[in-house]
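Trainee: can't give you the sequence, but here's the structure:
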């Protein structure tokens, strides 16, 4: 794949990640991320016919736990971490939309 | 409802079902409906820094059970992060499956004979529950929102159908049959009113034979009735738009049960970019053959097969008996009914008592033993109890358990012996000589008259067949 990361791609990713970038930062990160993506080209250039994709650096599969209960946290401790609470719940600013 | 001539609906459903595990998907907090808010939470399901998810094996078992029931291919699967900013997920992402779901493909056959394909049935975690305060109390106009994370991390399977459904009735039939399967596999309790099963409907309209139209997704339908109504409304709205020369805009819509309308929730312009990427804290899930076989071997019969088994025991079933049969299988009472039939109870009687009296007290069903059910119905069939009395005994059994004979005796039901029935009938013959004469002359309709009078005098405690026998013996 050709590294053709555009400035507007970086702006879009930043927006999705709720990051505010200055114009100078956009230039800087477009260049940096472009280099990272170019590295992927080295791999894309290899003949990988028949090679299974590496999904995880560990060779482990099927790591599971038994369906057994463990103690939860005390609610007072949990809510003490929040800036605002009401009726045993976390209080957050008005939500404009609905969850995706 | 059917659409205006020349139009057809195209519907695909996404059904989310909470899995009936003891704990959440990635931590040991209780998976429990109705707990005090934020009492079943820990660093993992609150997304606290440094916490790590570990997959619940039972969630995998149940997901595979669903896969087998839907004839899916079970295979190599991975977990992804679905990133979005919304307070119901404290991590700012939801762990889900993306390109490699645990169950791929499959189908579901409906009682009406149609087949709906299944695209996938994947594992994911549920979100927390938000309550919106202020304004109308609904999402729009709320001043602030309160969040309870008890549901955050509860295991879900999302079952995605192909766009094969062509009417709201078929959609309802699909959801209902799927619900039966989820209950039969033990994956879910199917309680839509508690949010255990929630449905999103993708709806579009087209002229038959045309390519697919632009679809709208209606979110979070939480009853079969809402599903049915929302689809009808939405399809009619789209037909009206297109016939009026406008275009359907692809968007997510909200169903308002009270207004009976869908409305725009958000358009799809910027959405749908969840920047999925592999969840680095979870390894691949590759259920081997032995694991898969263990799950397959543990599966009982699915609703379609159970309906067929029960149907085979009915002779010339009436429409209401067929309805009762569906209810009985739906509620899982078919084994009880079959046992009663095997014990000599007439099938229609067993079916009726299960579909009515038992269904009405489903939460107490654990109190009723198979033996007590059979004993009560046998007494009713043999004339020891009237229908009304048998129902009363069943209700008592359901409420407090116990021995049906003892309950009948305690309620004085057995006192209406043939002696007292004989006295009652004799008194009525004296009181209504003309009616008695006509009955004696062969007017069988008068039997009903006398049964009615006996029932009135005995407050329903007499047995209809016993009354007829008594009348015949005096004819």
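Mentor: Happy to help now that I have it. Only a predicted model underlies this, so the values are computations on that prediction, with no experimental measurement involved. Numbers count the residues shown, from 1 in each chain, chains lettered A, B, ... in the order given.
Trainee: hey, let's count contacts and neighbours off CA atoms from now on
Mentor: Will do.
Trainee: Just list what the helix or strand harbouring residue B:295 packs against, helices and strands only.
Mentor: Element membership for residue B:295 (DSSP states H and E) is helix B:289-297. Secondary-structure packing of helix B:289-297 (3 or more CA pairs under 8 Å, 6 or more residues apart in numbering or on different chains; DSSP states H and E): helix B:57-69.
Trainee: just to revisit the earlier point, tell me what angle the helix holding residue B:295 forms with helix B:57-69.
Mentor: Helix B:289-297 and helix B:57-69 are oriented at 70 degrees to each other (axes from the mean of the first three to the mean of the last three CA atoms, to 10 degrees).
Trainee: So for the helix or strand just after helix B:289-297, mean pLDDT?
Mentor: Sequence-wise, the next helix or strand downstream of helix B:289-297 (DSSP H and E) is helix B:303-311. Helix B:303-311 shows a mean pLDDT of 95.
Trainee: right, and the helix or strand after helix B:303-311?
Mentor: helix B:319-330.
Trainee: So which bits of the helix or strand following that following helix are buried?
Mentor: Toward the C-terminus, helix B:319-330 is succeeded by helix B:334-342 as the next helix or strand (DSSP H and E). Under the neighbour-count criterion of 16 or more other CA atoms under 10 Å in any protein chain shown, helix B:334-342 has B:334, B:336, B:337, B:338, B:339, B:340, B:341 buried.
Trainee: can you list the residues you listed in a markdown table and add distance to chain A?
Mentor: Formatted as a markdown table, these follow (distance: CA to the nearest CA, whole Å):
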| residue | distance to chain A |
| --- | --- |
| B:334 | 30 |
| B:336 | 30 |
| B:337 | 33 |
| B:338 | 34 |
| B:339 | 34 |
| B:340 | 36 |
| B:341 | 38 |
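Trainee: Near residue A:86, how many residues? Count them for me, please.
Mentor: By the measure other CA atoms under 10 Å in any protein chain shown, the count of residues near residue A:86 is 12.
Trainee: Same question for the one 3 residues further on.
Mentor: Taking other CA under 10 Å as the neighbour definition, residue A:89 ends up with a count of 24.
Trainee: Pull up the gap between the closest residue to residue B:78 other than its chain neighbours and residue A:61, please.
Mentor: With CA to CA, 6 or more residues apart in numbering or on different chains as the criterion, residue B:78 has its nearest non-adjacent residue at 5.0 Å, and that residue is residue B:284. Relative to residue A:61, residue B:284 is positioned 5 Å away (CA to CA, to the nearest Å).
Trainee: Compare these two and say which is more crowded by neighbours.
Mentor: Higher neighbour count among residue B:284 and residue A:61: residue B:284, with 19 against 15, using other CA under 10 Å.
Trainee: So for the more buried one, what's the pLDDT?
Mentor: Confidence score, pLDDT, at residue B:284: 93.
Trainee: which residues touch it?
Mentor: Residue B:284 sits next to A:55, A:56, A:60, A:61, A:62, B:76, B:77, B:78, B:79 when contact means CA atoms under 8 Å, 6 or more residues apart in numbering or on different chains.
Trainee: roughly how far apart are residue B:174 and residue B:347?
Mentor: Distance from residue B:174 to residue B:347, by CA to CA: 28 Å.
Trainee: Helix, strand, or coil at residue 50?
Mentor: Going with chain A. Here residue A:50 is recorded as coil under DSSP: H, G, I helix; E, B strand; the rest coil.
Trainee: With the one 3 residues further on instead?
Mentor: In the three-state summary, residue A:53 is assigned as coil, counting by three-state DSSP.
Trainee: Count the residues that sit near it.
Mentor: The burial count for residue A:53: 7, using other CA under 10 Å.
Trainee: now residue A:14
Mentor: Residue A:14 has 14 nearby residues by other CA under 10 Å.
Trainee: In space, what's closest to it - neighbours in sequence excluded?
Mentor: Residue A:14 sits nearest to residue A:20 (CA to CA, 6+ apart), 6.8 Å away.
Trainee: And residue A:65, by the same measure?
Mentor: Per CA to CA, 6+ apart, closest to residue A:65 is residue B:56, 5.2 Å.
Trainee: you'd agree that neighbour is up against residue A:67?
Mentor: Yes. Proximity of residue B:56 to residue A:67 meets the contact threshold set by CA atoms under 8 Å, at 5.7 Å.
Trainee: Are there residues contacting both of those two? Which ones?
Mentor: residue B:23.
Trainee: most residues in a single strand of chain A, which one?
Mentor: Scanning chain A for the longest strand, with DSSP state E as the assignment, gives strand A:89-93.
Trainee: Who are the packing partners of that one?
Mentor: In terms of contacts (3+ CA pairs under 8 Å, 6+ apart), strand A:89-93 is packed against strand B:144-148.
Trainee: Is the following helix or strand past the strand it packs on in proximity to chain A?
Mentor: Following strand B:144-148 in sequence order, the next helix or strand is strand B:155-161 (DSSP H and E). No. Taking CA under 8 Å from any CA of the partner chain as the criterion, strand B:155-161 and chain A are apart, separated by no less than 11.4 Å.
Trainee: Strand B:155-161 to helix B:57-69, inter-axis angle?
Mentor: 20 degrees.
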